[in-house]
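Fold the following and give me the result.
(2 chains)
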Amino acid sequence: MSIVNHLPCWTTPYKEADIAIHTYSTVGDILAYQRCRRQYGFFSVRKYNSPAATQRYFGTLMHDVLDQINRDFQVTGNLPNQQGVYDMVLVAHNRLIRSGVRTFNAGFQRRRAALLIYRFIQLFGIPFFSNIQQTEYRLNRALVTHTGRDYILEGIVDVLSGAVSHALRLPYSTEPDDVEIWDYKSGQVPEQGSRELESYKYQMRVYAELYRQQTGQYPARAVLIFLGELADDPRWNLANGDPSMFPRLVLPVEPHPGRIAVAIQNFNQTVEEIEQERILPYAQQWQAPSHAVDEQTCRTCELHYNCDRYPQGRNERSIPL
Amino acid sequence: MISLLNYFLAIQKAFNNELPLDLDQQAAVEHTFTEPLWIIAGPGTGKTHTLVWLVLKRILVDSVPADRIVLTTFTRKAATELRSRLLRAKQQLVSSGLREAEEIDVTQVFLGTLHSLCARILRDQRYEPTLRIRVLADERVQEYFLRRTRNPILDINDVTFWARFRLARYQGGQTYLPSRAKRAEGGCILFNRITENGADLNAMRTSGDPHFALLADAYEQYQQNLQQDLRTDQATLQRHFLTFLQSPEGQTWLGNGMSVVVDEYQDTNPVQEEIYFALTGGLPDFTVVGDDDQSLYRFRGATVESLIDFDRACLDYIGIAPRAVYLRENRRSHNGIVEWVNRFIQHHPSMIELNPLIRVRAPGKPALVARSPINGAYQPVQIITRSRDSQVGAEVSTVIQDLLNAGYITDYSQVALLTFSTSESNWAIGAYIDALDNAGIPYINPRSKAAQNDTALLEILGALSSILDPIRRFSNTWTLPDGTTFTLPGRLVSYIQEATNAFQQRIATGSFPDLEVYINDSITTVSGTPFDPSNPYLLQAGGQRTTISSLFFKLIAHSPYSDAILDPAHGERLKVINQLLAEYESLYDEGAIKVEQALSGQTQTETWSLYNLYAVFAESYHDGLNDSEDEDVSIVPGCVNVMTIHQSKGLQFEVVFIIKPENTPFLGTAHVLEDQLAPYINRPTQPLLRRSIQLRVEEDIVRLFFVGYSRAKRLLILAGTNLARWDTILGRDVHGQPINNQASLIGLNVNFL
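Next up is the predicted model:
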């Protein structure tokens, strides 16, 4: 006898769905997805593990040391000398290596990090550090896409600073109660109009909106600082402590409401795309994008030996080991 | 800030003018926190629902800033769901016109598992001792760490040491030393319990008990190694956090204390209990929610006493007794199922304790009251027994198909098969899985411990072995560089053999010429590259060091594995092995494969590199590897969810089969350790008296099955082979009589299929 004969007055249940509101960050999700859907899907969503951490090493090293310098400064009011910076770089390096972060040519990268950081604090020094209000400032906000989908937008701002332009002789003016978002980039400023530079500006606009949602007003501006610009020795020697000799070092991104709205709209649209991708059948998810992907992204991607976006990878596949 | 009345009115408005809170839930939400709140919530009584409205009330009515609230739960999935429900509830208030709700930001609440919050807060506060610290992902990685750091516990060759903690190997009535891998596994259990309990190492050393002196030394070495390598395990991370809270910077961060809300408090371990009380800053703004009858994680160091004795703990830590609120209205299950679980837990002899100094259940706990709209006039508890598992499995499959065909369920995921162990072995539920396969019923069993047998995963190991060990050194006696000789365990050798054979057979089909060429060329490259003692690494064409991970990615770029990664089963299993590999490599030479000169003069993979690949990496998963689990999805749609009962906690299904109920928890290391470590623990809330070890084992069985039974909404079916052996899992009738016979069960309105 079938089970159903034993179940009089059974009411058919409706199928309950899990509620899962996802969290998205600008760099880790939206820009990563826009750069390459396949790489994002495999490494960020499915969580395959990527051993290519060299890029992260240098950026992380720079951030860690700058953060340490700030923390020390807030306590002592002092900034380190050249040897002090190098020692701090070494400590941060050892910490990263001990925790399993990989790199190669570490000596060169350490020296370069120490040089850039030392030059940065020589240029901006006390006026900059004394205006820092918070570092690693966490921003979270629940948002809704145009289709009504909930998500949480998350970001961490490197530095939240008071108005420092006058003290730093930067090419823009500030009001005394201005608040600025500063973000360190360890490389040089990308070419004007490049995808990379636009990505950085996009990130800053999203942070500006997050900041507005959290505090009720936009920051006075977001400031991108390209520490790699300080590697130019001849210019450094000529500069003699004058930041204006490095016009590409600092890039202010004004909180233009129209541009911010466009960035947020794009963010929402990308969240939708990612969510749509998540519900595709497994085999159809996270395929190589139809748009071009930059060479560097492909070359450092572990999936490049078999990817439609990087046909030459299939040749490399046959090279032994 | 709004009044409590306006808050309730707004909720009511959002729910068609009906307040979605029963009187018990209302009492919890209204609590004013002049004393801590002790919510004891039976299954299906709306625990999460109550928590959500309580937290919003704290923010909107009590003006507690969202970023001063710590809200923890037990799993990442539960945290995701809680966060989502909190956001939805806030939006419902906004939609109902509560303007003040628009201004609050619930994402500012510290919400997550305690582990994740500890890590986040330590990182955000840049607490010096944990800067850039890396958490060993799980017990398996912790075992790698013990192996890599050669912890002295691995060298304890005194079988009585292992036997006293029930960590020895037992076979044919004899007790043997555990293998090195099992010693690492046991070592991790011992170390974690020491950390969680804050056991006194000096007392262990001076106890005169040589085993504890050895253990204390090994533990200390382990902690030094963690520090040296900037690693931490989950338990030590919590210790770091507790130390942080007690430090000047921690005190600054803590201010006047946080508003602390803890879900699933019955599965809290001692260090977590200390952390929660520390987070309160000694104030009574502390809510715990849980159900002692659903405490399942003793084997991970949890102690149900944290919930049962919460009143005593509050007096110890804060000096104020809590207010107890019991949530009793079950809105989940058919009244017959509620009746079944009430009888089971209330009349079970193992849950009745006459000694007034010992609590087995929360004091004053009432029975559940059935309030579900599911009340069809049928027998919601049914039993299938046959003489063989295969017959029971076939019957289970028929029932599932009949329910679907009749439209009684609309998706396979409304059915769960719950059991103690979901291993697909003969001992466990292999026959049931075979029956599902035979019936063509889709199912998912992520904790089957069978992923290691996946063809793609097996062949990848075979391919790695073929490249790095073409002469199959794995099957010989190894002479290690330190002069010792060693033979890999027989089962491991068989597994590697199986892997290499599977791979060679794949190649032999001739269908994958690119892969064959790549493998052969790579083998030649290893042996043909002149050995350079100054750079003894296996190098790629560009001079970069070859790692096992880099080989893995090369391999999955070749057919057939390039197709396998697109398949949900193979792809997810290859991911599991990739993740495991990454953790292994982070501890072993950054994954770089070393080479050496063989006696033949040719270059070969260095003995240690190969030995570690086999004896540590492959050893760790060859006898049981679980699949990956989606962090967002609790119930996988479109298929029958086969789960351990542990895994099903917090979930509910229309139809629940408890399969193979004759398999139950047994006396293990966790029970033994509670007694063995007791003399070295000085925790104020440590119970003065515990029940016997056998009774504690029985408690675990009862709680496990209580959880299993209470997952069912419409239908609960027990399916197994030997009714006579079900005494403990069936319990007693209300007169205290055994019911493990058909007549008694029929008398309890149970139907036999």
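
Contacts only, for A:P13.
When contacts are counted by C-beta atoms under 8 Å, 6 or more residues apart in numbering or on different chains, A:P13 touches B:409-410, B:414, B:654, B:713-714. Any C-beta I mention is one placed from the backbone N, CA and C, and that applies to glycine too.

distance of it from B:L403?
Separation of A:P13 from B:L403 (C-beta to C-beta, to the nearest Å) stands at 11 Å.

in stretch B:314-321, what's buried?
B:314, B:317-318, B:320 (16 or more other C-beta atoms under 10 Å in any protein chain shown).

now the strands: where do they sit in the stretch 151-300 of chain A?
In the stretch 151-300 of chain A, the strands defined using DSSP state E, counting those that start in this stretch lie at A:179-185, A:221-226, A:250-253.

Check the offset of the last one from the chain's centre.
What separates the centre of strand A:250-253 from the centre of its chain is 16 Å, taken as C-alpha atoms, centre = their mean, to the nearest Å.

That one packs against which elements?
helix A:195-215, strand A:221-226 (3 or more C-beta pairs under 8 Å, 6 or more residues apart in numbering or on different chains; DSSP states H and E).

With the second one instead?
Helices and strands touching strand A:221-226, as assessed by 3+ C-beta pairs under 8 Å, 6+ apart, comprise strand A:179-185, helix A:195-215, strand A:250-253.

Could you dump these into JSON lines and include mean neighbour count and mean pLDDT?
As requested, the helices and strands packed on strand A:221-226 are arranged in JSON lines below (neighbours: other C-beta atoms under 10 Å in any protein chain shown; pLDDT from 0 to 100):
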{"stretch": "strand A:179-185", "mean neighbour count": "21", "mean pLDDT": "93"}
{"stretch": "helix A:195-215", "mean neighbour count": "20", "mean pLDDT": "93"}
{"stretch": "strand A:250-253", "mean neighbour count": "20", "mean pLDDT": "93"}
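
For the residue in the stretch 101-250 of chain A positioned nearest to chain B, give me its contacts.
Per C-beta to the nearest C-beta, A:N140 is where the stretch 101-250 of chain A lies closest to chain B, at 3.9 Å. Residues in contact with A:N140 (C-beta under 8 Å, 6+ apart) are A:152-155, A:210, A:214, B:105, B:107-108.

can you rerun that using 7 Å?
Taking C-beta atoms under 7 Å, 6 or more residues apart in numbering or on different chains, we find A:N140 in contact with A:152, A:154, B:107-108.

Using neighbour counts, give me the buried entries of the residues you listed.
A:152, A:154, B:107-108.

If you count neighbours, what's buried in stretch B:480-489?
B:488-489.

how far does it stretch from start to finish?
Using C-alpha to C-alpha, to the nearest Å, one end of stretch B:480-489 lies 15 Å from the other.

now it, how far from the centre of its chain.
Its chain's C-alpha centre and that of stretch B:480-489 lie 34 Å apart, by C-alpha atoms, centre = their mean.

Please apply the same query to stretch B:432-441.
Using C-alpha atoms, centre = their mean, the offset of stretch B:432-441 from its chain centre is 26 Å.

can I get the CA coordinates of that stretch in PDB?
Only the C-alpha atoms of stretch B:432-441 are listed here, as PDB (Å, rounded to 0.1, in the frame of the first residue of the first chain):
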ATOM      1  CA  TYR B 432      20.300   3.500   1.500                       C
ATOM      2  CA  ILE B 433      22.300   5.600  -1.000                       C
ATOM      3  CA  ASP B 434      22.400   2.600  -3.400                       C
ATOM      4  CA  ALA B 435      18.600   2.400  -3.100                       C
ATOM      5  CA  LEU B 436      18.200   6.100  -4.000                       C
ATOM      6  CA  ASP B 437      20.500   5.500  -7.000                       C
ATOM      7  CA  ASN B 438      18.500   2.500  -8.100                       C
ATOM      8  CA  ALA B 439      15.300   4.500  -7.900                       C
ATOM      9  CA  GLY B 440      16.800   7.400  -9.800                       C
ATOM     10  CA  ILE B 441      16.100   9.800  -6.900                       C
END
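
Where do the helices of the stretch 201-350 of chain B begin and end?
Secondary structure of the stretch 201-350 of chain B (DSSP state H, counting those that start in this stretch): helices at B:201-205, B:210-228, B:234-246, B:248-254, B:270-279, B:305-308, B:310-317, B:335-346.

Highest mean neighbour count out of those helices?
helix B:305-308 (a mean of 25; mean count of other C-beta atoms under 10 Å in any protein chain shown).

Outside of it itself, list whatever touches it.
Against helix B:305-308 from outside (C-beta under 7 Å, 6+ apart): B:265-266, B:268, B:273, B:288, B:290, B:292, B:313, B:359, B:361-362, B:687.

again, but for stretch B:617-634
The contact list for stretch B:617-634 (C-beta under 7 Å, 6+ apart) reads A:18, A:20, B:76-77, B:80, B:140, B:143-144, B:181, B:446-447, B:449, B:451-452, B:461, B:491-492, B:495-496, B:572-573, B:575-576, B:580, B:584, B:651.

Same question for stretch B:726-743: list its buried residues.
The neighbour-count check on stretch B:726-743 (16+ other C-beta under 10 Å) flags B:726, B:728-732, B:739-740 as buried.

Just put these in CSV and tack on secondary structure, distance to B:V526 and pLDDT.
Formatted as CSV, the buried residues of stretch B:726-743 follow (DSSP: H, G, I helix; E, B strand; the rest coil; distance: C-beta to C-beta, whole Å; pLDDT from 0 to 100):
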residue, secondary structure, distance to B:V526, pLDDT
B:W726, helix, 57, 96
B:T728, helix, 57, 96
B:I729, helix, 55, 97
B:L730, helix, 61, 98
B:G731, coil, 62, 97
B:R732, strand, 67, 97
B:I739, coil, 66, 97
B:N740, coil, 62, 95
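
Reformat the residues you listed as JSON lines; add distance to chain A.
JSON lines is the format used below for the buried residues of stretch B:726-743 (distance: C-beta to the nearest C-beta, whole Å):
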{"residue": "B:W726", "distance to chain A": "21"}
{"residue": "B:T728", "distance to chain A": "27"}
{"residue": "B:I729", "distance to chain A": "22"}
{"residue": "B:L730", "distance to chain A": "20"}
{"residue": "B:G731", "distance to chain A": "23"}
{"residue": "B:R732", "distance to chain A": "25"}
{"residue": "B:I739", "distance to chain A": "20"}
{"residue": "B:N740", "distance to chain A": "22"}
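
before we move on, the earlier item: among the contacts of A:N140, which one lies nearest to B:T206?
Using C-beta to C-beta, B:Q108 comes nearest to B:T206 of these, at 48.2 Å.

ok, that closest one touching B:V70?
No. B:Q108 is beyond contact range of B:V70, at 11.5 Å (criterion: C-beta atoms under 7 Å).

Kindly report the residues of the stretch 51-200 of chain A close to chain B.
A:51, A:64, A:67, A:71, A:95-96, A:98-100, A:102, A:136, A:138, A:140-142, A:150, A:152 (C-beta under 7 Å from any C-beta of the partner chain).

Reformat the helices and strands packed on strand A:250-253 as CSV; add distance to B:Y170.
As requested, the helices and strands packed on strand A:250-253 are exported to CSV (distance: least, C-beta to C-beta, whole Å):
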stretch, distance to B:Y170
helix A:195-215, 58
strand A:221-226, 64
